[in-house]
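> I'll drop the sequence and a predicted model, then ask my questions.
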Number of protein chains: 2
Amino acid sequence: MARLPEYLRALHNLAESGHETVSSEGLSAAAGVNSAKLRKDLSHLGSYGTRGVGYDVALLIEQIEFVLGLTQRRAVALVGVGNLGHALAGYDGFASRGFRIAALLDADPSRVGEEINGLVVRHVDDLPTVAAEESLAIGVIATPAAAAQQVADQLVAVGVTSILNFAPCVLSVPEGVDVRKVDLAIELQILSFHEHRKASLTALPATGGSALTALPGGFATTDTQEAIGT
Amino acid sequence: MARLPEYLRALHNLAESGHETVSSEGLSAAAGVNSAKLRKDLSHLGSYGTRGVGYDVALLIEQIEFVLGLTQRRAVALVGVGNLGHALAGYDGFASRGFRIAALLDADPSRVGEEINGLVVRHVDDLPTVAAEESLAIGVIATPAAAAQQVADQLVAVGVTSILNFAPCVLSVPEGVDVRKVDLAIELQILSFHEHRKASLTALPATGGSALTALPGGFATTDTQEAIGT
DNA sequence: CCGTGTGAATGCATTCACAGCG
DNA sequence: CGCTGTGAATGCATTCACACGG
């Protein structure tokens, strides 16, 4: 599940706080989910908790890291060192959570040679060479949308089978290649939708809403956390 | 739905390519979804397509932008101008898709006064002043995790009801406040999981898999696009 | 007695298949 | 004749409630 990494982060926090054990209630609160959901997720791992006590934090961390394949530190190639690429190259969260940025690449010759965070930017056409040196597991695309598809093709060509795409476009990839997309503007637009909905609701407190101006109320928006604690 | 922004982006692309009309088949391909899903989504909008022809691109753009509340350009406050914050401050995608960065804020006094992309960084304690000047719709948190909750509280205090959180932590907010979270490391970990799964599958081609080393195969990972076209 | 693990129930999203309109 | 809009069917995630183990 996509929630395992969230549990993992919460568990690391708990471990640092000195907790050796945690209940489903406690962990679910720290991860921002329902406790029943957490128990079901963990049961899918075949994981062992102790009834009457809870889960062993260290053991659970080990289990989840194994399932996520984090026992080995995976090499990441980052393509596109513009605005966003720069930030990603300097982002500590990658290194601290099991990943190693193995190469920075860009198509712009004027950017090649620049040093960022101890790594020298290479030309994207060097990708085959880079792949030969390192065992690349994941490619991150932080280029403009117009270049993204070509970069994806190049990544696939050198054997990368997992891509994180920050460019606002859909990528075509062969079967067996996984693509995850992060579009910052889309996140804002989803929030905008909620703002709009909230605004129209408070504007028409008593009215049932005319058919013309009525907004569809029952929209499901994945992943939105609303009203946790106070 | 969370897919509407994706449709919107695809529609804008189509409009620029000179298309005046598009079939559900065509649009769904451009947005990377099933055509039946797209039709159902659009029918929830009460939107009008023409049978035998398709959807009017311009009209559909208008409809979706209305539902998403993009008819007004919303003001965004960005808190935390570190690595990621810098990148976000310079990201064109915000401006070009209906948002305006109204203020840059940081808790670090040494960062206050710095000018980024035509905006001067102000201290986060000035938030009430900023909120008085501008009608803030959305707050973006790009601070370290340790500071995120406090920033969220400050945003909520000045009336912000939508938050985009880049810090790797769960935020507690009162009811009525929407939070969306983007955790870049989590995205990589999900890809890592897929890598791990793929690796174990190809490593044990014939075996059914022993009970001990078996990986749970049937995990659902939201939002992953796999194998679109070739 | 507390808390895990899990069957059962519920609700929702996705998909299929096709009726009906332009 | 093509394509939309939609009932029906399917499958999955979430939630509830509780039996059972430490």
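Yep, that arrived. Residues are numbered from 1 along each chain as shown, chains lettered A, B, ... in the order given.
> helices along chain A, start to end?
A:4-16, A:24-31, A:35-44, A:57-67, A:83-89, A:92-96, A:127-133, A:145-157, A:184-203 (DSSP state H).
> export the biggest strand by length in chain A to CSV, keeping only CA atoms.
In chain A, assigned by DSSP state E, the strand with the most residues is strand A:99-106. Listed next in CSV are the C-alpha coordinates belonging to strand A:99-106 (Å, rounded to 0.1, in the frame of the first residue of the first chain):
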residue,chain,number,x,y,z
PHE,A,99,18.1,7.0,-1.5
ARG,A,100,21.3,8.2,-3.1
ILE,A,101,21.3,10.7,-5.9
ALA,A,102,23.8,9.1,-8.2
ALA,A,103,23.8,11.6,-11.1
LEU,A,104,22.5,15.0,-12.1
LEU,A,105,21.7,15.4,-15.8
ASP,A,106,20.5,18.2,-18.1
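> for residue A:122, which non-adjacent residue is spatially closest?
In space, and not counting its chain neighbours, residue A:122 is closest to residue A:105: 5.5 Å by C-beta to C-beta, 6 or more residues apart in numbering or on different chains. The way it works is simple: take the backbone N, C-alpha and C, and place the C-beta from them, glycine included.
> the one you found touches residue A:129, doesn't it?
No. Counting by C-beta atoms under 8 Å, residue A:105 stays clear of residue A:129, with 10.6 Å between them.
> can you pull the contacts of residue A:102?
With contact taken as C-beta atoms under 8 Å, 6 or more residues apart in numbering or on different chains, residue A:102 is in contact with A:75-77, A:130, A:134, A:136.
> ok, which of those residues also contact chain B?
Among the contacts of residue A:102, the ones lying near chain B by C-beta under 8 Å from any C-beta of the partner chain are residue A:76.
> quick one: buried ones out of the contacts of residue A:102?
Among the contacts of residue A:102, the ones that count as buried by 16 or more other C-beta atoms under 10 Å in any protein chain shown are A:75-77, A:130, A:136.
> farthest-separated two in those residues?
Farthest apart among the buried ones among the contacts of residue A:102 by C-beta to C-beta are A:76 and A:130. That separation is 11.3 Å.
> who touches both of those two?
Counting by C-beta under 8 Å, 6+ apart, the shared contacts of residue A:76 and residue A:130 are A:102, A:136.
> quick check: closest non-adjacent residue to residue A:144.
Leaving out its chain neighbours, the residue that sits closest to residue A:144 by C-beta to C-beta, 6+ apart is residue A:167, at 6.6 Å.
> roughly how far does that neighbour sit from residue A:7?
29 Å (C-beta to C-beta, to the nearest Å).
> and what of residue A:155?
29 Å.
> buried ones in the longest strand of chain A?
A:99, A:101-106.
> and stretch A:192-202, by the same measure?
A:192-198.
> ok, which of those also contact DNA strand C?
Among the buried residues of stretch A:192-202, not one lies near DNA strand C by C-beta under 7 Å from any atom of the strand.
> would TSV of these with pLDDT and distance to residue A:116 be doable?
What follows is the buried residues of stretch A:192-202, written out as TSV (pLDDT from 0 to 100; distance: C-beta to C-beta, whole Å):
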residue	pLDDT	distance to residue A:116
A:192	97	33
A:193	97	36
A:194	96	36
A:195	96	36
A:196	95	39
A:197	91	41
A:198	90	41
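> could you identify the most distant pair in these?
A:192 and A:198 (10.7 Å).
> out of the contacts of residue A:102, the closest to residue B:123 would be?
Among these, and counting by C-beta to C-beta, the member closest to residue B:123 is residue A:76, at 34.9 Å.
> the closest one and residue A:93 touch, don't they?
No. The pair residue A:76 / residue A:93 is not scored as a contact, 11.9 Å apart, by C-beta under 8 Å.
> name the nearest of the buried ones among the contacts of residue A:102 relative to residue A:145.
Using C-beta to C-beta, those come closest to residue A:145 at residue A:77, 19.1 Å.
> is it true that that closest one touches residue A:100?
No. Residue A:77 lies out of contact with residue A:100 (C-beta under 8 Å); the separation is 10.5 Å.
> coming back round to it: so which of residue A:155 and residue A:7 has more stuff around it?
residue A:155 (27 against 23; other C-beta atoms under 10 Å in any protein chain shown).
> on the pLDDT front, check that one for me.
On pLDDT, residue A:155 comes in at 98.
> so who does the residue nearest to it when sequence neighbours are not counted touch?
Spatial nearest neighbour of residue A:155, chain neighbours left out: residue A:139 (4.0 Å); criterion: C-beta to C-beta, 6+ apart. Residues in contact with residue A:139 (C-beta under 8 Å, 6+ apart) are A:76-79, A:151-152, A:155, A:160, A:162-164.
> what's across from residue A:139 in the sheet?
Residue A:139 forms beta bridges with residue A:77, residue A:163, as assigned by DSSP bridges.
> what does the model give it for pLDDT?
Per the predicted model, pLDDT is 98 at residue A:139.
> around DNA strand D, pick out the residues from chain A.
Checking chain A against DNA strand D by C-beta under 7 Å from any atom of the strand, the hits are A:1, A:33-34, A:36-37, A:39-40, A:50-53.
> now the two most distant members of these.
Once C-beta to C-beta is applied, these give A:1 and A:52 as the farthest pair, at 25.8 Å.
> who has more neighbours, those two?
Applying other C-beta under 10 Å to residue A:1 and residue A:52 shows that residue A:1 carries more neighbours, namely 20 against 6.
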